[in-house]
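In: no FASTA, just this:
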């Protein structure tokens, strides 16, 4: 039976959307300011919470039926799903 697999797949896609929303919120907030530069030319640089630079676009997350296809997104599909988890 593939019910458990289908449910896990659906949860991963939903988590991706929630992670994207959270990252957008983080990007809008300053966590702290760091002082950088030589002594005479220091400046405060805004720092946000870390997250990987790019979340996999939803269009690149394959449906289960496409995992046996020749889709270009099949290469490294597992990595595409785990970027935001």
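Out: That came through, no problem. Note that the structure is predicted; figures quoted are calculated from it, not measured.
In: quick one: low-confidence residue ranges for this protein.
Out: Along the chain, the model assigns pLDDT under 70 to residues 1, 39-42, 84-85.
In: give me the most central residue, it.
Out: Residue closest to the mean C-alpha point of the chain, counted by Cα atoms, centre = their mean, is residue 55 at 3.0 Å.
In: for that one, give its distance to residue 81.
Out: For residue 55, the distance to residue 81 (Cβ to Cβ, to the nearest Å) stands at 11 Å. Placement of C-beta: from N, CA and C, glycine included.
In: who touches both of these two?
Out: Common neighbours of residue 55 and residue 81, using Cβ atoms under 8 Å, 6 or more residues apart in numbering, are residue 16.
In: I'd guessed residue 26 sits against residue 49; true?
Out: Yes. Using Cβ atoms under 8 Å as the test, residue 26 is close enough to residue 49 to be in contact (4.4 Å).
In: list the buried residues of the longest helix along the chain.
Out: If you go by DSSP state H, the chain has its longest helix at helix 3-27. Buried residues in helix 3-27, counted by 16 or more other Cβ atoms under 10 Å: 9, 16, 19, 20, 23.
In: now the first one, nearest residue through space, not along the chain?
Out: Distances taken as Cβ to Cβ, 6 or more residues apart in numbering place residue 64 nearest to residue 9, at 5.5 Å, with adjacent residues excluded.
In: please apply the same query to the fourth one.
Out: For residue 20, the nearest residue in space outside its immediate sequence neighbours is residue 55; the separation is 5.2 Å by Cβ to Cβ, 6+ apart.
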